[in-house]
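[1] okay, here's the prediction I keep looking at, along with the sequence it came from:
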There are 2 protein chains.
Amino acid sequence: MKATPHSFAPLKRSPAYQKVYDAVESDILSGRLAQDSLLPTEGELAEQFNVHRSTVREGLRLLEQAGLIRRGPAKRMIVVRPESEETATRAGRSLALHGVTFHEVWEAIAIFQPAAARHAAKHLDADQLDALDEIVADARRARTGEEIVASASAFLQQVAAAGGNRVVLVTLQSLNQLIASSLEQVVDELPRAGRRIADAQSSMIGAFRAGDEVAAAAWMQKHIDDLKRGYEVAGAPMDSQVL
Amino acid sequence: MKATPHSFAPLKRSPAYQKVYDAVESDILSGRLAQDSLLPTEGELAEQFNVHRSTVREGLRLLEQAGLIRRGPAKRMIVVRPESEETATRAGRSLALHGVTFHEVWEAIAIFQPAAARHAAKHLDADQLDALDEIVADARRARTGEEIVASASAFLQQVAAAGGNRVVLVTLQSLNQLIASSLEQVVDELPRAGRRIADAQSSMIGAFRAGDEVAAAAWMQKHIDDLKRGYEVAGAPMDSQVL
DNA sequence: ATTATCCTGTTGTCGGACAACGTAATAGAG
DNA sequence: CTCTATTACGTTGTCCGACAACAGGATAAT
């Protein structure tokens, strides 16, 4: 046996379009390319990098999917920051691909969202409380399952947004997105649970107004249990995969 | 005023490369394209979709960046599932780009991780407890900041993994990744806090063994406070951006 | 049997071309 | 002179065709 004395890294020669991506990404991350600024035209980039326009375009597609650039005015590409919603979508899809079940998603929400509610109780301001009232009003008006899902999702979202912590918001956003997509599959059976959901939301708002963290968390727990109940009543199996 | 009677959706005609992406993505998500299976060659795809190979390639770049395909043997593309660490990294970078602060990340963890600890107290089995003991032992042995960060991160990870809920795991993974990268910036000052951290971990394990949810959550809270303390002692500003 | 060599299929890159589309500039109507 | 219609132009989206670089398998030579 020769016994490899030292194994060097595979020494990957990345293709040119990757180099294009790296170069532009670097300039975006470092701030040399400001947000909302227009990217040079494909032709200019091709000239600057000294590669063919097709190659530039492949790099642009990478940047596009990475969420770092977007079509701006006149079809030109502009630099943007990845929207949290997109990131949430991507994260959710990744989980879905791994075959996570409704139960896992629901459980994760049951764990995290009450904690977020407790935090929200300390930070919600008058405007945000009004927004919550609005959402509950919508919920009570809701007749179809779609509307109920939408309002429940909006409610959770609003609570997550309280406190102005973007990390908390994005984290819960992806979870809410997943649970919503699951609930939408069984919307027809949800109107039954609509009342219970709205009641829990109302009680929670009461706790928020009183600044009662413990009660807020408890009501959130109940609210989330109601979501599961709706899912179960619809006869959907808890271990079915989300998507 | 003409008064628009009804505004139709912008009716976006997506470019062909986007259609290619959508078509392939759909087949991957639905499972029609199995994991690890080879994608048809660019030429074949071009023929099937009836577009030019350049167009196909742009679509492939989108799929590549989306993490749905990867270069396989003989340079051919193969179908893969996005790895959760990758997703976590991506989510983290997105947040970093939005300029989230250390405080936001820390706060998010302070909100979520104790809740996860409470959940873990109900699900940790003997093996997992042993693994935690191992981690604490490492923590006590740790001299450098790097080692402390690594063990703290491993500890949080292990707690997140308890209960076998992948959604919980992935969610906390990205947060832990972010906080770890911040702490690594100030590792030199961390050894001071090493002892406190290890003590909190030990106490938490005790609570886990006793199945005491409340105590577990409380100790986790303390543990996370210690992480912040370490950061503060290092003189790093809480509102500094993570990266 | 093992190694060196050629062959073939695919990707990476290039050059060029043209239609579709938006924007900005220009001419025309009031 | 303002406002609308039209034209001209710049840029993207897509196509065509071509070729070198490479990896893997088949083949020939040792």
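    Thanks, I have the structure now.

[2] where does chain A have low pLDDT?
    Chain A contains residues with pLDDT under 70 at A:1-12, A:83-90, A:92, A:95, A:97, A:190-191, A:243.

[3] what residues does it have near DNA strand D?
    A:13, A:39, A:41-43, A:53-54, A:57, A:71, A:74-77 (CB under 7 Å from any atom of the strand). The way it works is simple: take the backbone N, C-alpha and C, and place the C-beta from them, glycine included.

[4] do that again at 6 Å, thanks
    Chain A has residues A:T41, A:E42, A:G43, A:S54, A:R57, A:K75, A:R76, A:M77 near DNA strand D, with proximity defined as CB under 6 Å from any atom of the strand.

[5] chain A: helices as residue ranges?
    A:16-29, A:42-49, A:53-65, A:84-97, A:102-123, A:126-141, A:145-161, A:166-183, A:191-210, A:213-233 (DSSP state H).

[6] for these, give me JSON lines that also has mean neighbour count and distance to B:A150.
    Shown next, in JSON lines, are the helices of chain A (neighbours: other CB atoms under 10 Å in any protein chain shown; distance: least, CB to CB, whole Å):
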{"stretch": "helix A:16-29", "mean neighbour count": "18", "distance to B:A150": "25"}
{"stretch": "helix A:42-49", "mean neighbour count": "15", "distance to B:A150": "39"}
{"stretch": "helix A:53-65", "mean neighbour count": "21", "distance to B:A150": "32"}
{"stretch": "helix A:84-97", "mean neighbour count": "21", "distance to B:A150": "24"}
{"stretch": "helix A:102-123", "mean neighbour count": "23", "distance to B:A150": "25"}
{"stretch": "helix A:126-141", "mean neighbour count": "15", "distance to B:A150": "39"}
{"stretch": "helix A:145-161", "mean neighbour count": "22", "distance to B:A150": "30"}
{"stretch": "helix A:166-183", "mean neighbour count": "24", "distance to B:A150": "22"}
{"stretch": "helix A:191-210", "mean neighbour count": "19", "distance to B:A150": "39"}
{"stretch": "helix A:213-233", "mean neighbour count": "20", "distance to B:A150": "33"}
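
[7] among these, which is nearest B:P82?
    Across the helices of chain A, the minimum distance to B:P82, taken as CB to CB, is reached by helix A:84-97, at 4.4 Å.

[8] and A:A193, how far from A:D226?
    6 Å (CB to CB, to the nearest Å).

[9] anything in contact with each of these two?
    With contacts defined as CB atoms under 8 Å, 6 or more residues apart in numbering or on different chains, no residue is shared by A:A193 and A:D226.

[10] who in chain A is up against DNA strand C?
    By CB under 6 Å from any atom of the strand, the part of chain A that sits against DNA strand C consists of A:P15, A:A16, A:Y17, A:V51, A:H52, A:S54, A:T55, A:P73, A:A74, A:K75.

[11] farthest pair within the residues you listed?
    Using CB to CB, those span at most 30.7 Å, a distance reached by A:P15 and A:P73.

[12] which one's more surrounded, the two?
    Comparing A:P15 with A:P73 by other CB atoms under 10 Å in any protein chain shown, the one with more neighbours is A:P15, at 13 against 7.

[13] now that one: how far from A:T55?
    8 Å.

[14] show me what contacts A:R13?
    A:R13 makes no contacts at all, as judged by CB under 8 Å, 6+ apart.

[15] how about the nearest residue to A:G99, chain neighbours excluded?
    Leaving aside its chain neighbours, A:G99 sits nearest to A:Q241 (5.2 Å; criterion: CB to CB, 6 or more residues apart in numbering or on different chains).

[16] was I right to think that neighbour contacts A:H98?
    No - using CB atoms under 8 Å, A:Q241 is not in contact with A:H98, being 9.3 Å away.

[17] looking at the helices of chain A, which is nearest to B:D199?
    Shortest distance between B:D199 and these, using CB to CB, is found for helix A:102-123: 24.0 Å.

[18] run the angle between that closest one and helix A:126-141 for me.
    Helix A:102-123 runs at 140 degrees relative to helix A:126-141, counting by axes from the mean of the first three to the mean of the last three CA atoms, to 10 degrees.

[19] and stretch A:227-239, does that touch chain B?
    No - using CB under 8 Å from any CB of the partner chain, stretch A:227-239 never reaches chain B; the gap is at least 12.6 Å.

[20] who touches that stretch?
    A:101-103, A:106, A:109-110, A:152, A:179, A:182-183, A:185-186, A:188-190, A:192-193, A:196-197.

[21] picking that back up, and of the helices of chain A, who's closest to B:L63?
    helix A:53-65 (8.1 Å).

[22] mind listing residues that contact that closest one?
    For helix A:53-65, the surrounding residues in contact (CB under 8 Å, 6+ apart) are A:16-21, A:24-25, A:39, A:42-43, A:45-46, A:49, A:69-70, A:77, B:17, B:54, B:57-59, B:61-62, B:64-66.

[23] now do the same contact list for A:I224.
    A:I224 neighbours (CB under 8 Å, 6+ apart): A:W106, A:I109, A:A110, A:Q113, A:P114.

[24] separation between it and B:R57?
    Taking CB to CB, one finds A:I224 at 45 Å from B:R57.

[25] kindly report the same for A:A117.
    The value you get for A:A117 to B:R57, if CB to CB is used, is 48 Å.

[26] how about A:A234?
    According to CB to CB, A:A234 stands 44 Å off from B:R57.

[27] could you single out the nearest of the contacts of A:I224 to A:I135?
    Nearest to A:I135, judged by CB to CB, of those is A:Q113 at 15.0 Å.

[28] pretty sure the closest one contacts A:F155?
    No - using CB under 8 Å, A:Q113 is not in contact with A:F155; the gap is 10.3 Å.

[29] any idea how far the nearest residue to A:K122 once chain neighbours are set aside is from DNA strand D?
    Leaving aside its sequence neighbours, A:K122 sits nearest to A:E213 (CB to CB, 6+ apart; 6.5 Å). Distance from A:E213 to DNA strand D, counting by CB to the nearest atom of the strand, to the nearest Å: 50 Å.

[30] doesn't A:A121 make contact with A:E213?
    Yes - the pair A:E213 / A:A121 is scored as a contact, 4.4 Å apart, by CB under 8 Å.

[31] now for those two: what residues contact both?
    Taking CB under 8 Å, 6+ apart as the contact criterion, the common neighbours of A:E213 and A:A121 are A:A207.

[32] how close does A:Q185 get to A:I179?
    From A:Q185 to A:I179 the distance is 11 Å (CB to CB).

[33] nearest spatial neighbour of A:A152, chain-adjacent residues omitted?
    That would be A:I197: by CB to CB, 6+ apart, it lies 5.9 Å from A:A152.

[34] so who does the one you found touch?
    Applying CB under 8 Å, 6+ apart, one finds that A:I197 lies in contact with A:A139, A:I148, A:A152, A:H223, A:D226, A:L227, A:G230.

[35] with A:A23 instead?
    For A:A23, the contacting residues are A:F49, by CB under 8 Å, 6+ apart.

[36] gap between it and B:L62?
    Taken as CB to CB, the span from A:A23 to B:L62 is 19 Å.

[37] over to A:D133?
    Separation of A:D133 from B:L62 (CB to CB) stands at 42 Å.

[38] quick one: residues contacting the closest residue to A:D212 other than its chain neighbours.
    In space, and not counting its chain neighbours, A:D212 is closest to A:A121: 6.5 Å by CB to CB, 6+ apart. A:A121 makes contact with A:A207, A:F208, A:G211, A:D212, A:E213, A:A216, A:A217, according to CB under 8 Å, 6+ apart.
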